[in-house]
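Participant: Predicted structure and sequence below. I'll ask about it afterward.
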Amino acid sequence: MSTIDRRGFLKSVAALSAAGAVAGCSTTNNASSVLTPKSKGKSVMGLVVPKMDVVRIGFIGVGQRGSGHVKHYTNIEGVEIKAICDTHVEMLDKSIDFVVKKGLPKPARYTGSDHAYREMLTRQDIDIVIISTPWKWHTPMSVETMESGKHAFVEVPAATTIEECWQLVDTAERTQKNCMMMENVNYGRDELMVLNMVRQGLFGDLLHGEAAYIHELRWQMKEIDESTGSWRTHWHTKKNGNLYPTHGLGPVSQYMNINRGDRFDYVTSVSSPALGRAAYAKREFPADHERNQLDYIAGDMNTSMIKTVQGRSIVVQHDTTSPRPYSRHNLIQGTNGTFAGFPNRIAVETPPPAIEAIYENEYAKTLALWEKDGSKGRKPRKPSFHGWDRDMEKWRAQFDHPMYVRMGEEAKRNGGHGGMDFLMLWRMVYCLRNGEPLDQDVYDAAAWSAIFPLSVASVEDRSNSKNIPDFTRGAWKTGKPLGIVS
């Protein structure tokens, strides 16, 4: 807060909120018609900020997600939890008490109104702010965080309109502050392993990817007054498209170097009928219950297809309604083979020498048993790309990501979606303390989040394609691909 005083800051964010509201009213059905605004700053591609001996953290929102982040940060070296803000007093006090019980200094407490966080943002002893609130708050809180001189780390999606995507980009470039959407799936063991496989050229030249968020969440409709379902359910009554694209899309985007050598070009989207939530409400709630008065318009299954400038294709699906197993797809296909998740399986034409040796040894044993048995039945075939290899241990032995090799056991001990939450938070702090660029930047936040409003626009327009803005303003052509860090 060296350049503006507290009163001036509160006036500036009030004006910013009003400007955002006006911009939001300008959205057309063709969301891709929004023009590329002229930058008022400089690119934050590869942004490196001064090293922080200690990362001082403030939290906005400590519900189901934010409270977990607080717990993880009490187990990460080099951080201080300075303040916590939430309108839900019970959850706020639980997080504060947890910090104190861990033997750490008591964080400052902010509550009382939807905008209590603004008072927290005037503090000069906070470096980064973790934002874990309902979606409608993500962009305004991130923008105001950067305006206050702090780095913003926000839950997914970072934005729900194209205008909001540009607000994030423009503010980050003008303030030279980080704005990272915390896409935790990028830090899953399998996703990190596949990234390492891609970087080592295992699949050859990349052609196609598939991503998804298929997760039956109808039960959240029973959360009426609080928790995620109290607000997330209503998005199914407002928009028909891919409401939540980033969990599967984030890793595939990193595999394909999106915004770092390639970028999204356009998207087309189709939705199935919207039947499941109305049927669930009719079955689970009284006829006069508010859940039975809602008009659910979001198709139970949305399928969107993205074309990149380099010609690659990506399928992205969303379904939080249908009774089916969880899946993020996590498929990447190239000229030498394919990896697919849920369950994990791999098929390559030319395996690496160590894997080829294992295949030859396994085939020799199988062939010997067949011959010993009097050559009964069909002769065994050598392993090839015509069949999936589902034994991942040998692949992990060669391709486990070095960061997971180093931190995987600690991540599993601390938990959070199998450890990916902890590993993400640890990595954020590591980068800030060591003067390294973050693994995800504001351009990723904007591009991945933009599929939400653009898929809605496509569905509304009989699935015609919608252009995806170049949020990097051309910097993708020289952006450095995400490396394999140890």
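Facilitator: Nice, I can see it.
Participant: Near residue 322, how many other residues are there?
Facilitator: By other CB atoms under 10 Å, the residues close to residue 322 number 14. All C-beta atoms are positioned from the backbone trio N, CA, C, and that covers glycine.
Participant: how far away is it from residue 69?
Facilitator: When distance is defined by CB to CB, to the nearest Å, residue 322 is 30 Å away from residue 69.
Participant: and the host helix or strand of residue 141, what does it pack onto?
Facilitator: Counting by DSSP states H and E, the element that carries residue 141 is helix 138-147. For helix 138-147, the elements it packs on are helix 6-25, helix 117-121, strand 128-131, strand 151-154, helix 162-175, judged by 3 or more CB pairs under 8 Å, 6 or more residues apart in numbering; DSSP states H and E.
Participant: OK, contacts around the nearest residue in space to residue 53 that is not next to it in sequence?
Facilitator: Using CB to CB, 6 or more residues apart in numbering and skipping residues adjacent in sequence, the residue nearest residue 53 is residue 433, 7.2 Å away. Residues near residue 433 by CB atoms under 8 Å, 6 or more residues apart in numbering: 51-55, 78.
Participant: Whichever of those residues end up buried, select them in PyMOL.
Facilitator: Only the buried entries of the contacts of residue 433 go into this PyMOL selection, using 16 or more other CB atoms under 10 Å:
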select buried, resi 52+55
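Participant: Now intersect the contacts of residue 433 with the strands, please.
Facilitator: Within these, residues falling in strands by DSSP state E are residue 55.
Participant: Pipe the contacts of residue 433 into CSV and attach distance to residue 45 per row.
Facilitator: Conversion of those to CSV gives the following (distance: CB to CB, whole Å):
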residue, distance to residue 45
51, 20
52, 21
53, 26
54, 27
55, 22
78, 26
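Participant: Can you tell me which of the contacts of residue 433 is closest to residue 447?
Facilitator: For residue 447, the nearest member of the contacts of residue 433 is residue 55. The distance, counting by CB to CB, is 26.2 Å.
Participant: residues in contact with the closest one?
Facilitator: When contacts are taken as CB under 8 Å, 6+ apart, residue 55 is in contact with 78-80, 127-128, 429, 432-433.
Participant: now residue 472
Facilitator: Neighbour list for residue 472: 43, 45, 259, 263, 443, 479 [criterion: CB under 8 Å, 6+ apart].
Participant: how about a cut-off of 6 Å?
Facilitator: Shown here is residue 472, whose contacts under the criterion CB atoms under 6 Å, 6 or more residues apart in numbering are 259, 443.
Participant: Over to residue 322?
Facilitator: In this structure, residue 322 makes contact with 276, 300, judged by CB under 6 Å, 6+ apart.
Participant: just the one 4 residues further on next, same as before
Facilitator: Remark: with contacts taken as CB under 6 Å, 6+ apart, residue 326 is in contact with residue 215.
Participant: rerun that using 7 Å as the cut-off
Facilitator: Remark: with contacts taken as CB atoms under 7 Å, 6 or more residues apart in numbering, residue 326 is in contact with 214-215.
Participant: again, but for residue 193
Facilitator: Contacts here follow CB under 7 Å, 6+ apart; on that basis residue 193 touches 396, 399-401.
Participant: Let's see that with 6 Å instead.
Facilitator: Contacts of residue 193 were listed using CB under 6 Å, 6+ apart, and they are 399-401.
Participant: per-residue pLDDT, it?
Facilitator: According to the prediction, residue 193 has pLDDT 98.
Participant: Neighbours of the nearest residue to it once chain neighbours are set aside, how many?
Facilitator: Nearest residue to residue 193, sequence neighbours excluded (CB to CB, 6+ apart): residue 399, at 5.2 Å. Summarising burial for residue 399: neighbours were counted as other CB under 10 Å, giving 23.
Participant: ok, back up a step: buried subset of the contacts of residue 55 as a ChimeraX selection?
Facilitator: Buried residues within those, by 16+ other CB under 10 Å, are selected in ChimeraX with:
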select :79,127,128,429,432,433
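Participant: Sort out for me which of the contacts of residue 55 are in helices.
Facilitator: If you go by DSSP state H, these have 429, 432-433 in helices.
Participant: Which of those residues lies at the shortest distance from residue 457?
Facilitator: Nearest to residue 457 out of the ones in helices among the contacts of residue 55 is residue 432 (CB to CB; 36.2 Å).
Participant: Hmm, residue 50 and that closest one touching each other?
Facilitator: No. With the criterion set as CB atoms under 6 Å, residue 432 and residue 50 do not qualify as a contacting pair; they are 9.3 Å apart.
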